[in-house]
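Enquirer: sequence below, structure please.
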Amino acid sequence: MTGAPSPSPSPLCGGGWAGRKAGSGEGNPASGREAALTLGPARSCTVVPLSAGLRPDTPASQGTLPRRGGRGAVAPSAHLAALAVAALRLELDTYPKPGLVSRVDSGSHADMDAATFAASASALEPHFAALARAGAAGLAMPALRRIGLEAEAAMRAATGGVNTHRGAIFGLGLLAAAAGALGPGPLPAGALGAHVRERHAAGILGGPELLHAPGARARRRHRIGGAPAEAAAGFPTLYRVGLPALRRARALRPSDANAARVGCCLALVAALEDTNLLHRGGEGGYRFARDAAARFDRAGGVARDDWFARAAALHRAFVARRLSPGGAADLLAMTLFVDALETGP
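Expert: A predicted model of the protein is given here:
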């Protein structure tokens, strides 16, 4: 399997409602405690909460997301929140992901594990629903930002200050608010990203920046736009890389949803300019991570019978270097969310 070509490396790192920062918090344990030294006007972005754990008999625990309505139908806020939570749970279920936390191990992280992520998810679901309702009401970025900051506070309270999902809250929140704004009815391909771009780009890019946040430093040093630029552009990497990779891998392994998610994750690692990788591994670690993921893809990806062993070896190599592509983890969850809304039942 090969990932969809992208004209240039895609910038993605985690975002946040109080300022821009790296990754989903994976690999950045201090993220919840950074001083809010900001430049410019108050940031306006959208956030979504990680939801409560799914029961063993729910669709997400079996490798699929819950769906409602006809093909491509956008459901009410409670359903959108459930979809966002299920996407986050499936990201956690996915293994092997290089250097990332899963239900199997903690990857490159000593300060968080699957239980930390589950606690965060349980605290965030109401905030996803609130963002979807805010989008449906046509509220602008200042209102969305207030909800997003409440979601971040709930995450920190649930995890003891550990940043498990800040980047995912930002990206999934924008998408959930967009889905709420579009209302019930057919959801054309690309509609969510287009709505975020057209409605919120100025608010996303016009916010403050946490000057001492690792992601902010990496963006300034390496001139990478990060998650804010990705969101303001309508999530082009999600549509050009994530969705095509997920759907190709699913066609290759229709009975193995985990394989499809692993293939999607590694395609995203190869494509993203992830400031989390730059922060943890420097330029050398960053190049290693992207090149290794691209080699996995070029060598056949999950189409090969030995894909699991190869992906597990890659995971161990990332852990040995303390690398954690948090941006790819965030975008994997976002890809699963959009895919569920676009493909329907």
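
Enquirer: so the residue of the chain most remote from its centre: helix, strand or coil?
Expert: Taking C-alpha atoms, centre = their mean, the residue of the chain most remote from its mean C-alpha position is residue 305, at 27.8 Å. At residue 305 the chain is in coil, as set by DSSP: H, G, I helix; E, B strand; the rest coil.

Enquirer: and it, how far from residue 298?
Expert: Between residue 305 and residue 298 the computed distance is 17 Å (C-beta to C-beta, to the nearest Å). In this view, the C-beta of every residue, glycine as well, is placed from N, C-alpha and C.

Enquirer: same check, this time on residue 76
Expert: Distance of residue 76 to residue 298, computed by C-beta to C-beta: 43 Å.

Enquirer: can you pull out the low-pLDDT segments for the stretch 151-300 of the chain?
Expert: The model of the stretch 151-300 of the chain has pLDDT under 70 over residues 207-225.

Enquirer: can you pull out the helices in it?
Expert: Ranges of helices in the stretch 151-300 of the chain, per DSSP state H, counting those that start in this stretch, are 166-182, 191-205, 214-222, 226-232, 236-237, 243-252, 257-271, 275-298.

Enquirer: distance to residue 340 and mean neighbour count added to those, as a markdown table?
Expert: Formatted as a markdown table, the helices of the stretch 151-300 of the chain follow (distance: least, C-beta to C-beta, whole Å; neighbours: other C-beta atoms under 10 Å):
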| stretch | distance to residue 340 | mean neighbour count |
| --- | --- | --- |
| helix 166-182 | 10 | 31 |
| helix 191-205 | 11 | 19 |
| helix 214-222 | 28 | 21 |
| helix 226-232 | 19 | 27 |
| helix 236-237 | 18 | 23 |
| helix 243-252 | 11 | 21 |
| helix 257-271 | 12 | 27 |
| helix 275-298 | 24 | 21 |
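
Enquirer: nearest to residue 104 among those helices would be which one?
Expert: Closest to residue 104 of the helices of the stretch 151-300 of the chain, according to C-beta to C-beta: helix 257-271, at 11.0 Å.

Enquirer: helices and strands around that closest one, which ones?
Expert: Counting contacts by 3 or more C-beta pairs under 8 Å, 6 or more residues apart in numbering; DSSP states H and E, helix 257-271 is packed against helix 77-93, helix 243-252, helix 275-298, helix 307-320, helix 326-343.

Enquirer: now the third one: how far from the chain's centre is it?
Expert: Its chain's C-alpha centre lies 17 Å from the corresponding centre of helix 275-298 when counted by C-alpha atoms, centre = their mean, to the nearest Å.

Enquirer: just the fourth one next, same as before
Expert: On the basis of C-alpha atoms, centre = their mean, the separation between the geometric centre of helix 307-320 and that of its chain is 21 Å.

Enquirer: out of the helices of the stretch 151-300 of the chain, the one nearest residue 339 is which?
Expert: helix 243-252 (6.0 Å).

Enquirer: pLDDT at the residue most central in space within the chain, what is it?
Expert: A centroid search over the chain (C-alpha atoms, centre = their mean) returns residue 330, at 1.6 Å, as the residue closest to the centre. With respect to pLDDT, residue 330 scores 93.

Enquirer: I'd guessed it sits against residue 227; true?
Expert: Yes: here residue 330 lies in contact with residue 227, judged by C-beta atoms under 8 Å, at a distance of 7.4 Å.

Enquirer: residue 16: how many residues sit nearby?
Expert: Residues near residue 16, counting by other C-beta atoms under 10 Å, number 29.

Enquirer: look up how far residue 144 lies from the closest residue to it other than its chain neighbours.
Expert: Nearest non-adjacent residue to residue 16, counting by C-beta to C-beta, 6 or more residues apart in numbering: residue 166, 4.9 Å away. In this view, residue 166 and residue 144 are 15 Å apart by C-beta to C-beta.

Enquirer: what does residue 169 give?
Expert: Looking at residue 169 against residue 144, where the rule is C-beta to C-beta, the gap reads 12 Å.

Enquirer: do the same with residue 178
Expert: Distance of residue 178 to residue 144, computed by C-beta to C-beta: 10 Å.

Enquirer: then residue 277?
Expert: Counting by C-beta to C-beta - residue 277 and residue 144 are separated by 28 Å.

Enquirer: do the same with residue 336
Expert: Counting by C-beta to C-beta - residue 336 and residue 144 are separated by 22 Å.

Enquirer: neighbour-wise, which of the two wins?
Expert: residue 336 (30 against 24).

Enquirer: got the contact list for that one?
Expert: For residue 336, the contacting residues are 65, 86, 87, 90, 91, 246, 261, by C-beta atoms under 8 Å, 6 or more residues apart in numbering.

Enquirer: quickly check the residues you listed for the two that are furthest apart.
Expert: The farthest-apart pair in these, when distances are taken by C-beta to C-beta, is 86 and 246, at 14.7 Å.

Enquirer: circling back: gap between the residue nearest to the centre of the chain and residue 142?
Expert: Counting by C-beta to C-beta - residue 330 and residue 142 are separated by 23 Å.
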